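Asker: Okay, predicted coordinates and the sequence, questions at the end:
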Amino acid sequence: MRNRPRVTVLGSLNMDISVTVPRLPAPGATVLGSAARFTPGGKGANQAVAAARLGAGVRMAGCVGADDFGRRLLAGLRDEGVNADGVRVTADAPTGLAMISVDPAGENIITVAPGANHEVGAAEIDAAAGGPGDVLVICAEIPVPAITAALARAALAQAARCILNLAPAPPGAAAIVAAGVDWLVVNETEAAAVLGRPVSGLAEAGQAAAALIAAGARHAVVTAGAHGAALAGPDGTATIGAFLVDAVDTVGAGDTFVGALAVALAAGIPAAEAVRAASAAGATAATRPGAQAGLPRPADILATTGLVWPAG
């Protein structure tokens, strides 16, 4: 690949414990499901692997515990070609865990025990510093002070574009955006947390994207699941319709979207086209079970959606 895109991810690494259930449990209910599957995950690590599979040179910065899960997560990153030298191993906390229930329609509920992800700080921010042409991705499964410090450093450096995936939206999400964000990517729920009002459906996603620009983002993308995504930015607004697929497991679809968007932007793809490509990648991921196991390659995207991956 000429001028290989370069992506750095500052974010979380978790071991995912996934169970397929006949229906998602209501409060107080117990639902029997399949045997538990232990697979590498964490929004940051998923985004890093997604970017690597789509052709980028990728660096990962974050924290894992000094335990077997941490060793397995690091080995998994390296097997995917991700530079994991920026991932610190700490004895102060166990590796993060995510407990995931997935229903037959592919919908899920996720509970995360952050563990070592809450140890992310100055060393990891230093490790994530990039150069000209790089795209830095920051996910919100790390402490808010680390998020704000990394955003401030990126803004001062003016060397790398920065994508903030505010997922999950932490307390004070609106203040983070108000301080200035190059690219903000959120879903409907996260957009609602920033704006303080409900957001539902593609039309409201478009309105929310425009409002997020007014709130402090330079570019804003609001994903609306199976309905598509909305983009607002300096070049105007765009609505990207959904790619119709048979969803099996939506775990990792949003992370695929973010990783794919980072690769496309790093490759110089225009904003609206980059969001469309990211949407195709995310839709493809939803047709495949597992988080990192289901992350697609360009051939998978073509076979599932008909879109030729533009960043190759």
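Answerer: The structure has been received and is ready for your questions. Numbers count the residues shown, from 1 in each chain.
Asker: Tell me where this protein has helices.
Answerer: Counting by DSSP state H, the chain has these helices, from start to end: 43-53, 68-79, 122-127, 144-157, 173-178, 188-195, 201-215, 253-266, 271-285, 298-305.
Asker: what's the closest of those to T239?
Answerer: Closest to T239 of those is helix 201-215 (C-beta to C-beta; 5.6 Å). For the C-beta atoms, the positions are set from N, CA and C on the backbone; glycine is no exception.
Asker: Can you give the contact residues for the closest one?
Answerer: Under the contact criterion C-beta atoms under 8 Å, 6 or more residues apart in numbering, helix 201-215 has outside partners 174, 177-178, 184, 186, 188, 191-192, 194-195, 198-199, 219-224, 227-233, 237, 239, 241.
Asker: Could you do stretch 114-125 as well?
Answerer: 10, 12-14, 42, 61-65, 70, 86, 88, 90, 92-97, 141-143, 145-146, 149-150, 153.
Asker: picking that back up, please indicate which of the contacts of helix 201-215 are buried?
Answerer: Among the contacts of helix 201-215, those classed as buried by 16 or more other C-beta atoms under 10 Å are 174, 177, 184, 186, 188, 191-192, 194-195, 199, 219-224, 227-233, 239.
Asker: now the chain, which segments are flagged as low pLDDT?
Answerer: Scanning the chain with the threshold set as pLDDT under 70 gives 1-2, 158-160, 312.
Asker: at 50 instead, please
Answerer: Counting by pLDDT under 50, the chain shows low-confidence ranges at 1.
Asker: correct me, but I269 touches P310?
Answerer: Yes - the pair I269 / P310 is scored as a contact, 5.4 Å apart, by C-beta atoms under 8 Å.
Asker: where do the contact lists of the two overlap?
Answerer: Taking C-beta under 8 Å, 6+ apart as the criterion, I269 and P310 both touch A277.
Asker: Could you measure from L164 over to V9?
Answerer: Look at L164 and V9: by C-beta to C-beta, to the nearest Å, they are 12 Å apart.
Asker: Give me the common contacts of those two.
Answerer: With C-beta under 8 Å, 6+ apart, L164 and V9 have common neighbours I138.
Asker: Pick out whichever of those two has more residues nearby.
Answerer: V9 (36 against 24; other C-beta atoms under 10 Å).
Asker: Looks like W183 contacts A264 (just checking).
Answerer: No - at 11.4 Å, W183 does not count as touching A264 under the criterion of C-beta under 8 Å.
Asker: on that earlier part again, mind checking which of the helices of the chain is nearest V112?
Answerer: Closest approach to V112 among the helices of the chain (C-beta to C-beta): helix 43-53, 9.1 Å.
Asker: centre of the chain versus that closest one, how much separation?
Answerer: On the basis of C-alpha atoms, centre = their mean, to the nearest Å, helix 43-53 sits 8 Å off its chain's mean C-alpha point.
Asker: D134 is nearest to which of the helices of the chain?
Answerer: Among those, the nearest to D134 by C-beta to C-beta is helix 253-266 (6.9 Å).
Asker: Packing partners of the closest one?
Answerer: Counting contacts by 3 or more C-beta pairs under 8 Å, 6 or more residues apart in numbering; DSSP states H and E, helix 253-266 is packed against strand 6-10, helix 43-53, strand 135-139, strand 161-165, strand 181-187, strand 217-223, helix 271-285.
Asker: hey, C-alpha coordinates of the longest one in PDB?
Answerer: What follows is helix 271-285 as a C-alpha-only set of coordinates in PDB (Å, rounded to 0.1, in the frame of the first residue of the first chain):
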ATOM      1  CA  ALA A 271     -15.200  13.200   5.000                       C
ATOM      2  CA  ALA A 272     -18.600  12.000   3.600                       C
ATOM      3  CA  GLU A 273     -17.000   9.100   1.700                       C
ATOM      4  CA  ALA A 274     -15.000   8.100   4.800                       C
ATOM      5  CA  VAL A 275     -18.200   7.900   6.800                       C
ATOM      6  CA  ARG A 276     -19.900   5.900   4.100                       C
ATOM      7  CA  ALA A 277     -16.900   3.400   4.100                       C
ATOM      8  CA  ALA A 278     -17.000   3.200   7.900                       C
ATOM      9  CA  SER A 279     -20.700   2.500   7.800                       C
ATOM     10  CA  ALA A 280     -20.100  -0.400   5.400                       C
ATOM     11  CA  ALA A 281     -17.400  -1.800   7.600                       C
ATOM     12  CA  GLY A 282     -19.600  -1.500  10.700                       C
ATOM     13  CA  ALA A 283     -22.500  -3.200   8.900                       C
ATOM     14  CA  THR A 284     -20.200  -6.000   7.900                       C
ATOM     15  CA  ALA A 285     -19.000  -6.500  11.400                       C
END
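Asker: Kindly calculate the angle that that helix makes with strand 217-223.
Answerer: 30 degrees (axes from the mean of the first three to the mean of the last three C-alpha atoms, to 10 degrees).
Asker: Report the distance from helix 271-285 to the chain centre.
Answerer: 13 Å.
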